[in-house]
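Peer 1: Structure for this input, please:
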Amino acid sequence: MTYLVLLAITCVNSYAQVANKKEAKGDKEYAKYAYIDAIKTYERIYQKGYKSPDMLLKIGNAYYFNAELEKANKWYAELYATSPEQEPEFYYRFAQTLKAVKESDKADAMLAKFSEKSGNDSRAKILSQNKNYLAEIKANSGRYKIENAGVNTKYSDYGTAYMGTKVVFSSARDTGNFSKRIHTWTGQYFTNLYDSPIAEDGSLGAVGKFGKKINTKFHEDTPAFTKDGKTVYFTRNNYLDGRGYDASKVTLLKIYKATVDKDGQWNNITPLSFNSDSYQTAHPALSPDEKTLYFASDMPGTHGQSDLYKVKINDDGSFGSTENLGDAINTEGRETYPFISDENELYFASDGQPGLGGLDIYITKIPKDGSTNFKEVLNVGEEANSPKDDFAFIINSKSKKGFLSSNRDGGQGSDDIYKFVETKPIWCEQILYGVVTDEDTKVVLPNAKLILFDEKFNQIKETTSDAQGKYEFTEVECGKKYFVRASLEDYTTKESPVIIGKETGKTELNFELKTSTCKVKIGDDLANCFKINIIYFDLDKWNIRPDAAVDLAKLLDVLNQNPTMKINIRSHTDSRASFSYNDKLSKRRAKSTKDWLVKNGIATNRLTSEGLGENELVNKCADGVECTEAEHQLNRRSEFIITAL
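Peer 2: All right, here's what the predicted structure looks like:
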């Protein structure tokens, strides 16, 4: 095997992702229901001086989720000023709102906090840049059963390509010609193209010389055939019609094209337009749709000794501009021998990526958007790779059978062709899925909007729940952390983190959305709407504390917005202390709550109050029963029962 190297060495080969809206305001038969917008209530009571960190966060998030970043900034800024210790995602969102108001220095400070809180500090970055690649290779190993392909000689045999039911490959074998041209650098004959039928077990049959007019007295190798078998792209020394060489009288590698004529012969052999006499191109490979040609080259702009490139094949057969595949693929070493599977996977050989030695074979997925934003490059592991050169990997995606070339120990010549069967896929394939339901009624919610974010809160994908409330995101990365945001009109937006499983399968993330409007009727408890469990009082006291005033302000706003509404205030205690004491204390506290609302403008005839002491315990915690503090607290509750609408 020979290499495509800078300075034009002669004969280079080794390259190496909308239906109807649900009526969320309820059926018209519930004419007596009142709808309460909690966020608007929060804003109104804030204007009256009542606030809490939780309330500030909820308002800020409401604006942030609706892309009103300047408004969100006001609430986030106030929250941060009073309560700087928050969950990691808060700092990210706050930073985005700071950028919106052109406070970039503060935004940078928040992003630094986000990185620190989310674990992405300098130690994490260093670790990610120095992975234990040998352990990764070991994890990818043992997936191939490899055997001699049956066509090898003591000479170099390598570089297979599918052509229908045959394989065409390169060989330096002695063909018996009287004129044997030996390459002075390798000590072997120049390579020509040969073909061999593929047997059912994947081995190769009788070998014949391929393409009388394609083979010359110099090198030909690495062909790539169109599916109809009528066009071939192949590598050859710069030699056509008996002439070749560059200005320095060095034969370069170039990619040529040939087509089958009416007599079934290969003709119309022409060099491709992006070839040059000052650099080399070699080892062509076709995309599944045959609209893109991949190849190796040391053209200007190459990162190392040779890089992988792609070029668009236009409808008229001409070519677009060549494009380097970028830093994720190409290194300062050699990247070579590309192959594109029917599943749009790019296999290639490299000695610049971490490997076992020499050229190793690697795989990556070609981005669906056609860009060069390759995300993950994996070493395919042993047995496909060895301490020697392993390259020219091709595979039938359906049968999982294929061929690779290697000069590993135990072969018959300098390079040999091996057949293989892939027994296990290298990719971990996961689907993130779930169901969106109403938190209270458990009814499924169609047409909910689901947005997938990565760990840095970059939006990746978007979908909607179907008629059964189901959603899914395909092709999520195994073991990776994501955030999913679920939203629906008249429901409070909810966002949840999720870590994808590390093995092929599915990861479930369900959402229960809370209505953003409280649907109430006579007999309902307003405390449930605002999650008010207790109106707190100091020990043996019944005056309204400042933190309790925040919750009462919510009720005050609801009563002001609904002037015909009347409520009965009920105060409960736990069973500790005497029955008489608890009865009197609960009555004083209920009356104190009523007096606060009256003092703040609510007519007395709209309010009643009663203290029930320990008469209506919600659990077993009666006198003499041992209970935890949490169990006792369930009984210390406040109720605001609607008596009229």
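Peer 1: Show me the domain layout of this protein.
Peer 2: Segmentation of the chain into domains, based on automatic domain parsing, reads 50-125, 150-422, 430-513, 520-644.
Peer 1: Now tabulate those in JSON lines and tack on mean neighbour count, mean pLDDT and distance to residue 141.
Peer 2: Using the backbone N, CA and C atoms, a C-beta is placed for each residue, glycine as well. Output for those, formatted as JSON lines (neighbours: other C-beta atoms under 10 Å; pLDDT from 0 to 100; distance: least, C-beta to C-beta, whole Å):
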{"stretch": "domain 50-125", "mean neighbour count": "17", "mean pLDDT": "80", "distance to residue 141": "27"}
{"stretch": "domain 150-422", "mean neighbour count": "19", "mean pLDDT": "86", "distance to residue 141": "4"}
{"stretch": "domain 430-513", "mean neighbour count": "17", "mean pLDDT": "94", "distance to residue 141": "17"}
{"stretch": "domain 520-644", "mean neighbour count": "17", "mean pLDDT": "84", "distance to residue 141": "52"}
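Peer 1: Turn these into a markdown table, columns for distance to residue 143.
Peer 2: Putting the domains of the chain into a markdown table (distance: least, C-beta to C-beta, whole Å) gives the following:
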| stretch | distance to residue 143 |
| --- | --- |
| domain 50-125 | 30 |
| domain 150-422 | 6 |
| domain 430-513 | 13 |
| domain 520-644 | 52 |
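Peer 1: Of all the ones you listed, which one comes closest to residue 136?
Peer 2: For these, proximity to residue 136 was assessed by C-beta to C-beta; domain 150-422 is nearest, at 6.9 Å.
Peer 1: Measure how far the closest one is from the centre of its chain, please.
Peer 2: With C-alpha atoms, centre = their mean, to the nearest Å as the basis, domain 150-422 stands 32 Å off its chain's centre.
Peer 1: Tell me the span between the first and last residue of that domain.
Peer 2: From its first residue to its last, domain 150-422 covers 18 Å (C-alpha to C-alpha, to the nearest Å).
Peer 1: if we can go back for a sec, out of the domains of the chain, which gets nearest to residue 41?
Peer 2: Closest to residue 41 of the domains of the chain, according to C-beta to C-beta: domain 520-644, at 4.8 Å.
Peer 1: need the contact list for the spatially most central residue of the chain.
Peer 2: The residue lying closest to the centre of the chain (C-alpha atoms, centre = their mean) is residue 476, at 4.5 Å. If you count contacts by C-beta atoms under 8 Å, 6 or more residues apart in numbering, residue 476 has them with 430, 431, 432, 452, 482, 500, 507.
Peer 1: ok, so what distance separates the first one from residue 455?
Peer 2: To tie it back to what came earlier, the one meant is residue 430. Distance of residue 430 to residue 455, computed by C-beta to C-beta, to the nearest Å: 15 Å.
Peer 1: Show me where the stretch 251-400 of the chain has its strands.
Peer 2: 253-260, 266-271, 281-286, 292-297, 307-312, 323-324, 335-340, 345-350, 360-365, 377-379, 390-395 (DSSP state E, counting those that start in this stretch).
Peer 1: would JSON lines of those strands with distance to residue 419 be doable?
Peer 2: Shown next, in JSON lines, are those (distance: least, C-beta to C-beta, whole Å):
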{"stretch": "strand 253-260", "distance to residue 419": "27"}
{"stretch": "strand 266-271", "distance to residue 419": "26"}
{"stretch": "strand 281-286", "distance to residue 419": "19"}
{"stretch": "strand 292-297", "distance to residue 419": "23"}
{"stretch": "strand 307-312", "distance to residue 419": "25"}
{"stretch": "strand 323-324", "distance to residue 419": "33"}
{"stretch": "strand 335-340", "distance to residue 419": "15"}
{"stretch": "strand 345-350", "distance to residue 419": "16"}
{"stretch": "strand 360-365", "distance to residue 419": "15"}
{"stretch": "strand 377-379", "distance to residue 419": "21"}
{"stretch": "strand 390-395", "distance to residue 419": "11"}
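Peer 1: could you point out which element follows the longest helix along the chain?
Peer 2: When the chain is parsed with DSSP state H, its longest helix is helix 579-599. Downstream of helix 579-599, the first helix or strand assigned by DSSP states H and E is strand 607-613.
Peer 1: which neighbours does that following strand have in its sheet, and in what orientation?
Peer 2: strand 566-572 (parallel) (DSSP bridges).
Peer 1: Measure how the partner strand sits relative to helix 579-599, angle-wise.
Peer 2: Strand 566-572 runs at 150 degrees relative to helix 579-599, counting by axes from the mean of the first three to the mean of the last three C-alpha atoms, to 10 degrees.
Peer 1: And strand 566-572, how far out from the chain middle?
Peer 2: The answer for strand 566-572 is 51 Å, by C-alpha atoms, centre = their mean.
Peer 1: ranges for the helices of the stretch 101-250 of the chain?
Peer 2: Along the stretch 101-250 of the chain, counting by DSSP state H, counting those that start in this stretch, helices occupy 104-117, 122-129, 133-140.
Peer 1: Identify all contacting residues around the first one.
Peer 2: Think helix 104-117. 87, 88, 89, 91, 92, 94, 95, 96, 98, 99, 121.
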